[in-house]
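S.K.: missing the sequence, but the structure's below:
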């Protein structure tokens, strides 16, 4: 059963909206309409479609006002999304940053519960030692400060979200927008950046020298320094 | 005019009358009547709410309202909840606290949302405000339990300490033990979001001596064995958030727990249920009939156990659950909870594509059919149809908040393979009081036409992966007379619609656009032409000076402000305005 959506072209009560004229850089007052189309749509036409000064091509789909009044859609071709979907992870919509829109706090705590639930069910189903009995996955976030040489503001990275040096470095590259961060003097020609960390004793060491598990137990803070210093 | 002045009330009478005016809107109207009313009002305003901390500044607020007792501040844009705002963006509350420490020594309440709070700030609060009573931190971060310890130790009259989904560095110290033995004033204590253990003896003593305690929300680290003792000490509780809700030796515990729960005759709200074991649920059956709010959104209980529970909750107004309960679980809600006003269904397996259970649009439709008072919905699912949306629109004309998230972007109507424009159109047309709307699924520019035309009361709109051209954005910005917040991600909306409706942005609190088609040049133009807007470009690729005008910005955040551009921006944020083309911090 369909509803009839009556789309009348009555003006929206917009006292404050005025067309924005790119040419004279000042607001024009809203003119009264002499044609049948009123309100918001006219403003748009004025500014961008009917004004020849602006040289806008008149191929904009907004001109198609011959819609069916009950709102049935014509067949649309698949939409081209402009931007941030990572097609390789498209899957169930889970590979996209910040999507689905669930608070990160909730994601974190739900995930850990699921892992614990798996542990609990194992205990309930198999009274004998199954090896998972002792597996308690408590997520504890490990934020360490990250300072990049030459940047006034430091950032923070959650080491516990990573399981390898590569993943940490990839995140740091994203965070600082620098592709040349690497471990262990990867750039012999003096360009790029090196990653160093401060351990529990306060010593500064190069990242990558010790196994990952050892690293995460001792890292206190990170530093990204320019090579050639 | 002399004749009129002869009839005006003396100031102190007016001031007394104004004390009965509570709402911000009314007070704002009062302040516009005339200069003397403005003056009287500003001296008598005790509560200030600032929806965007950068829309004003501490100095401006203090100058206008010298006698404030309660401040509410919101910081980061809403999409920060989903990691779309890089860390370090701003919204640190410390400058506010420092300024108020001098100007408002009698400050009693501070409520913050999405702000960065530091231990130093918390310590300053605890020392500077002798009569501090209420601290509510929602989705805040940047502090540790040491800061909480300072609040506990120094705020002699603390009534509320309420931490909602904050990211707190838990030092596993003894912050709770910092409440002195003389503290008896607590009415509300919520530490559900903390990770670490608290001292159980200290908690029991605290709960026992705070005889006015109405809200107690424990964290996961409080095991179920500890709950009976706590409840026996606080039978007056109205709002309980349990800790962990499972235990190996349940039969021994069960009668003790059941008795303790039964003793809480005032309970209206239940939450928590971490690690819930279904066998433990019967212990809360005695209070189900009185419960009006139930949050099971961290409880992976299956449909049969859920149905047994919810079919006893006849007075439920608010229900938060996981999609694990399936359509049939929601059907049970529809038949048992006739007074339901708010429903939120969250997805349970976030990183697992396997769906072994059935939650579809049918669950929501059945709730809309069975619950005539339904007015607030947040629903995550994998499929939707226009037909279902028509039905929901018809059944729930009083809907005020409707947020639908179909998890896969661009998902069409699964029955017809068409867009969901008509379905959402029906929602905005029939729900005339709709204030908040979130869209998802396959949507063309048409849906925005409906929204612009019919969304007369719409205040907040969230859009993702929708639309085809600037026309979509133009429909919204040129319609929707009540629009205050618009947030958009991954839509093909660009410069034309934005610039054509620039003036609209000054009537709104803020606009967020990320991964859209807005160019740097348009942002600069907007910033130059609209001096009362801060137009922030948040882009981690480099300074706007180094990028061409026709390049697309990663994120745009434009908001109205009386405080001018801010000066605390990190290196990846620029305010583009008229003084220079771009201004870094």
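M.R.: Nice, I can see it. Computed from a predicted structure; not experimentally measured.
S.K.: Excluding its own residues, what touches the helix or strand encompassing residue A:168? List them.
M.R.: Of the helices and strands defined by DSSP states H and E, residue A:168 is found in helix A:165-176. Here helix A:165-176 makes contact (C-beta atoms under 8 Å, 6 or more residues apart in numbering or on different chains) with A:146, A:148, A:151, A:155, A:157, A:159, A:161-162, A:179, A:181-183, A:195, A:207-208, A:212, A:215, A:222, A:224, B:86-87, B:540. Bear in mind the C-beta positions are built from the backbone N, C-alpha and C, glycine included.
S.K.: Turn the buried ones among those into a named PyMOL selection, would you?
M.R.: The PyMOL command for the buried members of the contacts of helix A:165-176 (criterion: 16 or more other C-beta atoms under 10 Å in any protein chain shown) is given here:
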select buried, (chain A and resi 146+148+155+157+159+162+181+182+183+195+207+208+212+215+222+224) or (chain B and resi 86+540)
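S.K.: Next step: the contacts of helix A:165-176 restricted to helices.
M.R.: Per DSSP state H, helices hold the following members of the contacts of helix A:165-176: A:212, A:215.
S.K.: buried sites along the helix holding residue A:168?
M.R.: Of the residues in helix A:165-176, A:165, A:168, A:169, A:171, A:172, A:173, A:175, A:176 count as buried by neighbour count, 16+ other C-beta under 10 Å.
S.K.: Quick one, grab the pLDDT at the fourth one.
M.R.: At residue A:171, the model reports a pLDDT of 80.
S.K.: What of the second one?
M.R.: On the pLDDT scale, residue A:168 is placed at 84.
S.K.: likewise the one 10 residues further on?
M.R.: Here the pLDDT value assigned to residue A:178 is 65.
S.K.: what do you get for residue A:193?
M.R.: For residue A:193, the model assigns a pLDDT of 80.
S.K.: Measure how buried it is and give me the count.
M.R.: As a burial measure, residue A:193 scores 23 neighbours (other C-beta atoms under 10 Å in any protein chain shown).
S.K.: Look up how far chain B lies from it.
M.R.: As defined by C-beta to the nearest C-beta, to the nearest Å, residue A:193 lies at a distance of 15 Å from chain B.
S.K.: Roughly how far does the closest residue to that residue other than its chain neighbours sit from residue A:159?
M.R.: Closest residue to residue A:193 apart from its sequence neighbours, by C-beta to C-beta, 6 or more residues apart in numbering or on different chains: residue A:181 at 4.6 Å. Going from residue A:181 to residue A:159 by C-beta to C-beta, to the nearest Å gives 15 Å.
S.K.: With residue B:335 instead?
M.R.: From residue B:335 to residue A:159 the distance is 49 Å (C-beta to C-beta).
S.K.: repeat for residue B:303
M.R.: The gap separating residue B:303 from residue A:159 is 39 Å, by C-beta to C-beta.
S.K.: same thing with residue B:121?
M.R.: Using C-beta to C-beta, we find residue B:121 at a distance of 25 Å from residue A:159.
S.K.: Wait, residue B:185 touches residue B:152, no?
M.R.: No. Contact criterion C-beta atoms under 8 Å: residue B:185 and residue B:152 do not qualify, at 11.7 Å.
S.K.: ok, those two, which is more surrounded?
M.R.: Ranked by neighbour count (other C-beta under 10 Å), residue B:185 and residue B:152 place residue B:152 first, with 23 against 17.
S.K.: did I read that right, the more buried one in a helix?
M.R.: Yes. The assignment for residue B:152, made by DSSP: H, G, I helix; E, B strand; the rest coil, places it in a helix.
S.K.: Report the spatially nearest residue to it, omitting neighbours in sequence.
M.R.: That would be residue B:178: by C-beta to C-beta, 6+ apart, it lies 4.0 Å from residue B:152.
S.K.: In contact with the one you found, which residues are there?
M.R.: B:148, B:149, B:150, B:152, B:153.
S.K.: From chain A, how far off is the fourth one?
M.R.: From residue B:152 across to chain A, the span is 22 Å (C-beta to the nearest C-beta).
S.K.: measure that residue to residue B:531 for me?
M.R.: 45 Å.
S.K.: wait, is residue B:266 part of a helix?
M.R.: No. Under three-state DSSP, residue B:266 sits outside any helix and is assigned coil.
S.K.: quick one: contacts for it?
M.R.: B:235, B:236, B:237, B:238 are the contacts of residue B:266 under C-beta under 8 Å, 6+ apart.
S.K.: Shouldn't residue B:325 be within a helix?
M.R.: Yes. Counting by three-state DSSP, residue B:325 is found in a helix.
S.K.: Excluding chain neighbours, what is closest to it?
M.R.: Per C-beta to C-beta, 6+ apart, closest to residue B:325 is residue B:306, 4.5 Å.
S.K.: quick one: residue B:478 and residue B:451 touch, right?
M.R.: No. Applying C-beta under 8 Å, one finds residue B:478 not in contact with residue B:451, separated by 11.2 Å.
S.K.: These two: who's more crowded?
M.R.: Using other C-beta under 10 Å as the criterion, residue B:478 and residue B:451 rank with residue B:451 on top: 27 against 23.
S.K.: quick one: that one and residue B:423, what's the gap?
M.R.: Residue B:451 is 12 Å from residue B:423, by C-beta to C-beta.
S.K.: Show the model's pLDDT score for residue 189.
M.R.: Because you didn't say which chain, this covers chain A. Listed pLDDT for residue A:189 reads 55.
S.K.: let's do chain B instead
M.R.: Predicted confidence (pLDDT) at residue B:189: the value is 98.
S.K.: same thing with residue B:160?
M.R.: pLDDT, read off for residue B:160, is 98.
S.K.: Please give me every residue in contact with it.
M.R.: B:133, B:134, B:135, B:136, B:186, B:187, B:188, B:189, B:215.
S.K.: How about residue B:328?
M.R.: B:303, B:307, B:358.
S.K.: What is the neighbour count of the nearest residue to the second one once chain neighbours are set aside?
M.R.: Using C-beta to C-beta, 6+ apart and skipping the chain neighbours, the partner closest in space to residue B:307 is residue B:332 (4.4 Å). Applying the criterion other C-beta under 10 Å, we find 20 residues in the vicinity of residue B:332.
S.K.: Secondary structure element for residue B:332, which one?
M.R.: helix B:326-336.
S.K.: Mind giving me the packing neighbours of the next helix or strand after that helix?
M.R.: Sequence-wise, the next helix or strand downstream of helix B:326-336 (DSSP H and E) is strand B:342-346. The contact analysis (3 or more C-beta pairs under 8 Å, 6 or more residues apart in numbering or on different chains; DSSP states H and E) places strand B:342-346 against strand B:318-322, helix B:361-370, strand B:376-381.
S.K.: coming back round to it: from the contacts of residue B:266, pick out the ones that also neighbour chain A.
M.R.: With the criterion set as C-beta under 8 Å from any C-beta of the partner chain, no member of these is near chain A.
S.K.: May I ask which of these has the most neighbours?
M.R.: When neighbours are counted by other C-beta under 10 Å, residue B:237 leads those with 21 neighbours.
S.K.: can you pull the contacts of that residue?
M.R.: Residues in contact with residue B:237 (C-beta under 8 Å, 6+ apart) are B:213, B:214, B:215, B:216, B:231, B:264, B:266, B:267.
S.K.: what about chain A, any weak spots by pLDDT?
M.R.: A:1-95, A:111-141, A:163, A:178-180, A:182-191, A:228-229 (pLDDT under 70).
S.K.: Many thanks, have a good one.
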